[in-house]
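Asker: Predicted model and sequence follow; I will ask about them next.
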Amino acid sequence: PGRLGSTSQQKRYQELKQQCLQQRCLFTDPAFDAVPSSLGYWELGLGSENTRGLEWKRPQEICRYPKFIQEKMSRTDVQQGGLGDCWFLAAAASLTLYPQLMQKVVPRGQSFERADYAGIFHFQFWQYGQWVDVVVDDRLPVKNGELVFVRSPERDEFWMPLLEKAYAKLNGSYEAMKGGYMNEAFVDFTGGVGESYQLKMPNPELLKIIRTAVQRRSLMGAYINVSEQRISPGLVKGHAYSVTSVLDHRGKKLKLLRLRNPWGQVEWNGRWSDYSPLWTELGPQIRERLQVRKEDGEFWMQMDDFLRYFDALEICSLTPDLQSEEKGICWNVNSFQGRWSTGHSAGGYRSLGRGGKRLCLMEGWGEGLTSPGLTDRLGGVNEGCCASA
């Protein structure tokens, strides 16, 4: 999966850019034009209340000196707008913690510098066993002079709105991104293998699983169901959060997780939140390093509070080539091309196995097909099979 896009796809982007530079014109993308269908068909459809007064503008029409990236990409660059794509934004915020991975999705050499600017940008996503290069123009949905969807706290930074636009194009429209699972985006960002754990199903191995995921530099995120009935102080029902760090302290008796709300605000205000008095129990050095009193959407939670309020944890394990770039633990991977055939080898259903791990249980296996088992380096066997497409 380490092969980045196809040569022909990247060549096409360069050709389009050079044509625009030579003709001194800005690129417009006929495949994802500034038209109502690019927004959606229902809540963002033509004539809807949500799209009334909406315009498409290039970054130079929004601010005087736009920048693609302001210094460096950071998880705090992501602030959700008026689209229910928190799952995608939480995954993107997590990805910024992995610079080598981020460079695969957001290729270098893109900017708004006058000599190099042609109104065209490109991003790369893992789709059905290969990297695909998605080209977009930089016309973005705007209302009352402000971006309608994702934006950066820095008003002149545009890598995240353009990444969101490229993913909307990949999915057919912005509205198609409303509602989803972080592992969908994690896999599209990395080509990795996603797993889901239901936190309301007791799993004595969960902390070990999280520690191993951190050790292996896996991407993680968590959800609170919209049907959750508990009053959650500062947390949002039906919402996705990035899991950005884990801390074991005091001989591993204190277990903290660091999470981030892609809204860039609205934080947990319980134990170990930004202004919790519990921070005074720690030494000044670790307190200075961990306690950040800032309304940026990021906060620490104790493990038992996390299990009480959150419903699902998603983990995306990286492939060997990506792990080696990030200096993690490598797996051995073999991949095969094939397909399920109707009436012969297709069929099956998904159910939840012990510990809340999502399994893929296939019925009607065709002749010659097997159900593989995964054995990790710690000696445990993961039940069921893992299917990656």
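Answerer: Structure's in. What do you need?

Asker: give me phi/psi at Arg58?
Answerer: Dihedral pair for Arg58: phi -80, psi 160, per degrees, to the nearest 10.

Asker: Skip the chain neighbours and tell me the closest residue to Ser152.
Answerer: Counting by CB to CB, 6 or more residues apart in numbering, Ser152 lies nearest to Asp77, which is 4.8 Å off, once chain neighbours are set aside. Yep, even glycine has a C-beta here, placed from its N, CA and C like the rest.

Asker: how deep is the one you found tucked in, by neighbour count?
Answerer: Using other CB atoms under 10 Å, Asp77 is surrounded by 22 other residues.

Asker: So it is in contact with Asp156, correct?
Answerer: No. Contact status for Asp77 versus Asp156: not in contact, 11.9 Å apart, counting by CB atoms under 8 Å.

Asker: hey, what's in contact with both of those two?
Answerer: Taking CB atoms under 8 Å, 6 or more residues apart in numbering as the criterion, Asp77 and Asp156 both touch Gln70.

Asker: Which parts of the stretch 101-250 of the chain are helices?
Answerer: Assigned by DSSP state H, counting those that start in this stretch, the stretch 101-250 of the chain shows helices spanning 159-171, 182-190, 206-215.

Asker: for the stretch 101-250 of the chain, what spans make up the strands?
Answerer: 120-127, 130-137, 140-143, 146-147, 193-198, 219-224, 239-249 (DSSP state E, counting those that start in this stretch).

Asker: Could you give me the buried positions within the first one?
Answerer: Neighbour-count burial for strand 120-127, counted by 16 or more other CB atoms under 10 Å, picks out Ile120, Phe121, His122, Phe123, Gln124, Phe125, Trp126.

Asker: give the contact list for the closest residue to the fourth one other than its chain neighbours.
Answerer: I take that to be Phe123. Nearest residue to Phe123, sequence neighbours excluded (CB to CB, 6+ apart): Ala166, at 4.1 Å. Ala166 makes contact with Phe121, His122, Phe123, Phe125, Val134, Val136, according to CB under 8 Å, 6+ apart.

Asker: Same check on Ser317?
Answerer: Gly192, Val193, Gly194, Glu195, Ala213, Arg216, Ser218, Trp331.

Asker: which of these has the most neighbours?
Answerer: Ser218 (26 neighbours).

Asker: My understanding was that that one contacts Ile315; is that so?
Answerer: Yes. Shown here, Ser218 and Ile315 form a contact pair, counting by CB under 8 Å, at 5.1 Å.

Asker: can you list the domain ranges for the protein.
Answerer: 7-82+96-180, 193-313, 337-389 (automatic domain parsing).

Asker: hang on, the earlier thing: would TSV of the contacts of Ala166 with distance to Gly234 and pLDDT be doable?
Answerer: Formatted as TSV, those follow (distance: CB to CB, whole Å; pLDDT from 0 to 100):
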residue	distance to Gly234	pLDDT
Phe121	36	98
His122	38	98
Phe123	33	97
Phe125	33	97
Val134	36	97
Val136	35	98
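
Asker: Would you mind listing the two of those that lie farthest apart?
Answerer: Phe121 and Phe125 (13.7 Å; CB to CB).

Asker: any idea how far the residue nearest the centre of the chain is from Asn183?
Answerer: Per CA atoms, centre = their mean, the C-alpha nearest to the average position across the chain is that of Ala91, at 1.7 Å. Distance of Ala91 to Asn183, given as CB to CB, to the nearest Å: 8 Å.

Asker: Now do the shared contacts for the two.
Answerer: Gly221.

Asker: Distance check, the residue nearest to Met303 when sequence neighbours are not counted against Asp305.
Answerer: Closest residue to Met303 apart from its sequence neighbours, by CB to CB, 6+ apart: Lys255 at 4.0 Å. Lys255 sits 10 Å away from Asp305, taking CB to CB as the criterion.

Asker: Then Glu61?
Answerer: 45 Å.

Asker: For the two, indicate the residue with more neighbours.
Answerer: Asp305 (20 against 14).

Asker: Show me what the helix or strand that one falls within packs onto, helices and strands only.
Answerer: Assigned by DSSP states H and E, Asp305 belongs to helix 303-309. Contacts defined by 3 or more CB pairs under 8 Å, 6 or more residues apart in numbering; DSSP states H and E place helix 303-309 against strand 254-260.
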